[in-house]
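Engineer: A structural model of the following input is requested.
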Amino acid sequence: PPASRIHASRAPSVRECQGRVVVGGRRAASGFGMRVVLGLVLAAVAWGAAEKKDPKECEVCIATVQAVDGLVDADEKKSVQSIVEALERHCGDLQNEKPNPALGPRDLKMCYYVLPIKTTLAEAMAMRMPKERVCKKLKQKNDEICAIKYPVKVDQIPAEEMLAKLKKMRIKELRGILNDRGVDKSKIDNFVEKDEYIKEIMATQHLEL
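Structural biologist: Numbers count the residues shown, from 1 in each chain. Next up is the predicted model:
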């Protein structure tokens, strides 16, 4: 047969095989490197999201869980019934409009949200879950559970620091401060820009928060 046909059908040499292995290895290494980089980017994004977590999230719920836990005897901490009874003592008789007078407005509001799902709370506490996890579990039943927050004591900080803090707040939070101060609702409803809320907060520092 012709030499050209023999040359075309011959097996690849060892050097050629080695070259293909090297090229394939480089591609594999490159793909692995891209996966590593992508993993690091995703981890950084997740870390950044964790860093931005609102420190006030669930704070009223956590305070309620802590208060209820303090009312349960040490040997009854795993008793669902004892925890339910402690919650009812903590909140008072809301059905007959006799709430616990020691509760502030935020804590009382939390009671109205928690009492309808008191068994869920008691079961989670009986399992000795951390307070934050108890509240996250309750949030699955009612999104408002972790939305209730204590008002920010903006009056007790220097003016410049107060302004910086107010500018970072959402309009909903700014409205809450004005509502707590008893500012007329019709006046608040007329505000459109965030600066208007901030200006009113600065002008009403003399009012009790």
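Engineer: who's in contact with residue 123?
Structural biologist: By Cβ atoms under 8 Å, 6 or more residues apart in numbering, the contact list for residue 123 reads residue 80. The way it works is simple: take the backbone N, C-alpha and C, and place the C-beta from them, glycine included.
Engineer: again, but for residue 68
Structural biologist: Residue 68 sits next to 83, 86-87, 90, 121, 125 when contact means Cβ under 8 Å, 6+ apart.
Engineer: what about the residue nearest to residue 124 when sequence neighbours are not counted, neighbour count?
Structural biologist: Counting by Cβ to Cβ, 6 or more residues apart in numbering, residue 124 lies nearest to residue 134, which is 4.4 Å off, once chain neighbours are set aside. Neighbourhood size, residue 134 [other Cβ atoms under 10 Å]: 27.
Engineer: Please look at residue 134 and residue 65 and confirm they touch.
Structural biologist: Yes. At 5.2 Å, residue 134 counts as touching residue 65 under the criterion of Cβ atoms under 8 Å.
Engineer: Touching both of those two, which residues are there?
Structural biologist: 121, 125.
Engineer: The residue nearest to residue 124 belongs to a strand?
Structural biologist: No. Secondary structure assignment (DSSP: H, G, I helix; E, B strand; the rest coil) places residue 134 in helix, not in a strand.
Engineer: going forward, begin numbering at 532 instead of 1
Structural biologist: Okay, residue one is now 532; in that scheme the one you just asked about reads as residue 665.
Engineer: Please report how far it lies from residue 619.
Structural biologist: Going from residue 665 to residue 619 by Cβ to Cβ, to the nearest Å gives 17 Å.
Engineer: what does residue 726 give?
Structural biologist: 45 Å.
Engineer: Give the residue from those two that has the larger number of neighbours.
Structural biologist: The neighbour comparison of residue 726 against residue 619 (other Cβ under 10 Å) goes to residue 619, with 17 against 11.
Engineer: and stretch 714-731, which residues are buried?
Structural biologist: 714, 722, 728-729, 731 (16 or more other Cβ atoms under 10 Å).
Engineer: Quickly find the element holding residue 649.
Structural biologist: Element membership of residue 649, judged by DSSP states H and E, is helix 649-657.
Engineer: Which positions in that helix come out as buried?
Structural biologist: 649, 651-653, 655-657.
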